[in-house]
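Peer 1: kindly return the folded structure for what I paste below:
(one chain, ligands or ions: 1)
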Amino acid sequence: MIDQPYVYRHRELAEPDWRRLPGWADVTPQEWASAQWQRAHCIKNVRQLHQVVGDGLAESFYADLQRDQAQRATMSMLVPPQMINTMAPAVPADHPGFTAAFYADPVRRYMIPVFSDRRADWPSHPKASRDSLHEAEMWAVEGLTHRYPTKVLAELLPTCPQYCGHCTRMDLVGNPTPLVDKHKFELGRDDRLSAMLAYLRSDAGVRDVVVSGGDVANMPWPRLESFVAALLEIPNIRDIRLATKALMGLPQYWLTDEVRAGMERLASLARQRNVSIAIHTHVNSAQSVTPLVADAAKAMLATGIRDVRNQGVLLRGTNDSSGQLLDLCFALLDDAKIMPYYFYMCDMIPNSEHWRLSLAEAQQLQHDIMGYLPGFATPRFICDVPYVGKRWVHQAARYDRERGISYWTKNYRTGVESGDALALQREYEYYDPIYLLPEGGQEYWRRAAQPVAAAG
Ligand code: SF4
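Peer 2: This next block holds a predicted model:
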């Protein structure tokens with residue numbers, strides 16, 4: 001047998017036993033399978049985590065988490081039991097090694113970030129910002145980002161059943177944290193959705209709508225169904241993608257009778273209209289793909305929708321090796337029938353430097369996963385460049401590795417550049433984490449970050 005950098009083995013999916021966690025020792029399989037039970041038992045604070053996990057997790061971890069919540073977190077805490085249960089699954093909660101395993105866990109690293117995870121030297125890049133993709137600037141109507149010529153993003157609601165520490169929409173999504181007041185929609189939900197539909201009816205150039213949030217799993221099903229049905233009435237719309245991390249974080253929701261029956265109605269309508277509906281989910285680690293997640297994905301495919309695809313995020317400590325990424329892609333593809341589609345570089349939001357990879361690292365990872373997966377299931381690694389949009393990591397026009405600045409061009413105008421004659425000739429910048437740069441580059445950013453001395 002030839003020695004290979006990655007050796008494929010089919011791995012059976014496994015649902016870890018939640019009864020190993022002291023707070024859920026008596027939870028029945030019926031309760032666990034209930035979306036309502038899962039929502040009611042989400043972990044929202046340090047006290048609740050302690051009640052579930054108990055004293056097996058060292059007091060210093062809880063203090064580390066508390067400090068992060070107070071000083072660094074851009075997202076409030078909300079973790080469904082389904083996700084907690086996939087953290088440190090192989091180590092009993094009363095084992096002396098549990099704290100170390102919990103600290104090191106890939107899912108914990110992004111769902112329950114702690115202060116000591118973050119960079120002390122550069123917690124944020126000087127160019128980091130709220131709404132780093134400038135989506136709100138490109139709202140055609142409130143919540144509807146028109147960034148690309150033929151496709152739009154509809155942010156239906158600002159909540160999710162789970163909050164990820166690295167959320168790119170930290171500006172809008174979730175509850176306020178001590179550090180971040182969230183942007184509030186001005187229009188009420190129904191007025192906002194009506195305005196979106198009116199805009200889409202008026203622009204025959206839009207053929208593709210990403211229905212997102214937040215997470216569509218937090219929209220009451222009848223309201224989501226009526227919105228998607230209204231989209232299906234618009235003749236130019238050919239693709240509809242529903243964005244829900246909850247397919248993994250709360251698969252119980254997508255397995256409810258109400259949602260399955262509703263999706264069947266939408267899929268049937270879509271077939272009659274020759275429109276494709278797909279679900280896009282967000283899974284970052286192989287251990288998150290459990291039998292329940294596979295059941296939910298297959299239940300959705302059985303309704304007749306076109307596909308279930310995964311858009312993960314590259315995160316240091318979670319999936320920063322080609323082996324972890326290939327394990328994830330095979331777990332998605334083999335038994336859950338979820339198509340690996342994209343891996344995004346983590347966006348430049350505040351306090352995200354410890355998660356972010358450099359462009360060079362992302363390029364290397366793209367290189368290293370090629371050739372193992374079928375071509376149709378080989379994900380593209382994507383840099384979402386502010387004011388440009390998604391670009392394959394190998395498409396940078398120039399790359400200054402000393403200062404960690406990559407330069408990108410584009411071939412269409414976004415909504416904010418309609419009168420900008422130079423928009424397609426300009427180069428747009430993206431920045432690597434500073435602590436990864438050679439000393440000369442770090443010195444450049446130290447000088448750049450210094451406040452300019454007052455004149456006179
Ligand atoms: S599910 Fe998506 S929108 Fe919600 S917190 Fe996570 S990354 Fe943000």
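Peer 1: now residue 309. Nearest residue, chain neighbours left out?
Peer 2: residue 341 (4.0 Å; C-beta to C-beta, 6 or more residues apart in numbering). Every C-beta, even on glycine, is put in place using the N, C-alpha and C of the backbone.
Peer 1: work out for me the element that neighbour sits within.
Peer 2: Assessed by DSSP states H and E, residue 341 sits inside strand 339-345.
Peer 1: neighbours of residue 209, just the number please.
Peer 2: 23 (other C-beta atoms under 10 Å).
Peer 1: I'd assumed residue 200 was in contact with it.
Peer 2: Yes - Residue 209 lies in contact with residue 200 (C-beta atoms under 8 Å); the separation is 6.9 Å.
Peer 1: strands of this protein, residue ranges please.
Peer 2: Counting by DSSP state E, residue ranges of the strands within the chain are 139-141, 144-145, 151-155, 208-212, 239-243, 276-281, 307-314, 339-345, 380-385, 389-392, 398-400, 405-408, 428-431.
Peer 1: can you give me the angle the fourth one makes with strand 276-281?
Peer 2: Going by axes from the mean of the first three to the mean of the last three C-alpha atoms, to 10 degrees, strand 208-212 is angled at 40 degrees with respect to strand 276-281.
Peer 1: find the residue at the geometric middle of the protein.
Peer 2: The centre of the chain sits closest to residue 282, judged by C-alpha atoms, centre = their mean, with a distance of 5.1 Å.
Peer 1: common neighbours of residue 209 and residue 200, please.
Peer 2: Both residue 209 and residue 200 are contacted by 152, 231, 237, under the criterion C-beta atoms under 8 Å, 6 or more residues apart in numbering.
Peer 1: pretty sure the first one is touching residue 143, no?
Peer 2: Right, the one you point to is residue 152. No - counting by C-beta under 8 Å, residue 152 does not reach residue 143; the two are 10.2 Å apart.
Peer 1: before we move on, back to that, need the per-residue pLDDT for the residue nearest to the centre of the chain.
Peer 2: We have a pLDDT of 98 for residue 282.
Peer 1: ok, residue 349 next?
Peer 2: What the model reports as pLDDT for residue 349 is 95.
Peer 1: equivalent analysis for residue 53, please.
Peer 2: Looking at residue 53, the pLDDT reads 97.
Peer 1: where does pLDDT dip in the chain?
Peer 2: Within the chain, the stretches with pLDDT under 70 are 451-456.
Peer 1: one more time with 50
Peer 2: Of all residues in the chain, those with pLDDT under 50 make up the ranges 454-456.
Peer 1: so which residues on the stretch 51-200 of the chain come close to the ligand?
Peer 2: Contacts of the stretch 51-200 of the chain with the ligand, taken as C-beta under 6 Å from any ligand atom, map to 160, 162-164, 167, 169, 173.
Peer 1: closest to residue 14 out of those?
Peer 2: For those, the minimum distance to residue 14 (C-beta to C-beta) is 20.5 Å, reached by residue 162.
Peer 1: hang on, that closest one packs against residue 244?
Peer 2: No - Residue 162 is beyond contact range of residue 244, at 10.3 Å (criterion: C-beta under 8 Å).
Peer 1: quick one: which of the two has more around it?
Peer 2: Each of residue 162 and residue 244 has its neighbours counted (other C-beta under 10 Å); residue 244 has more, 28 against 25.
Peer 1: from the ligand, how far off is the more buried one?
Peer 2: Residue 244 sits 8 Å away from the ligand, going by C-beta to the nearest ligand atom, to the nearest Å.
Peer 1: neighbouring contacts of stretch 250-264?
Peer 2: 32-35, 37-39, 80, 82, 161-162, 217, 221-222, 224-225, 244, 246-247, 290, 292-293, 295-297, 299-300, 303-305.
Peer 1: mind listing which of the residues you listed are in helices?
Peer 2: Among the contacts of stretch 250-264, the ones falling in helices (DSSP state H) are 32, 35, 37-39, 82, 221-222, 224-225, 246-247, 292-293, 295-297, 299-300.
Peer 1: so is the strand holding residue 341 next to the ligand?
Peer 2: No - residues of strand 339-345 are not located near the ligand by C-beta under 6 Å from any ligand atom, the shortest gap being 10.1 Å.
Peer 1: tilt between that strand and strand 307-314?
Peer 2: 30 degrees.
Peer 1: mind listing what's buried along stretch 430-443?
Peer 2: 430-434, 436-437, 441-442 (16 or more other C-beta atoms under 10 Å).
Peer 1: pretty sure residue 140 is in contact with residue 146, am I right?
Peer 2: Yes - between residue 140 and residue 146 there is a contact under C-beta under 8 Å: 4.3 Å.
Peer 1: can you pull the residues that touch both of these two?
Peer 2: 152, 203, 415.
Peer 1: out of these, who's the most crowded?
Peer 2: residue 152 (24 neighbours).
Peer 1: excluding chain neighbours, give the residue nearest to that residue in space.
Peer 2: Residue 152 sits nearest to residue 146 (C-beta to C-beta, 6+ apart), 5.0 Å away.
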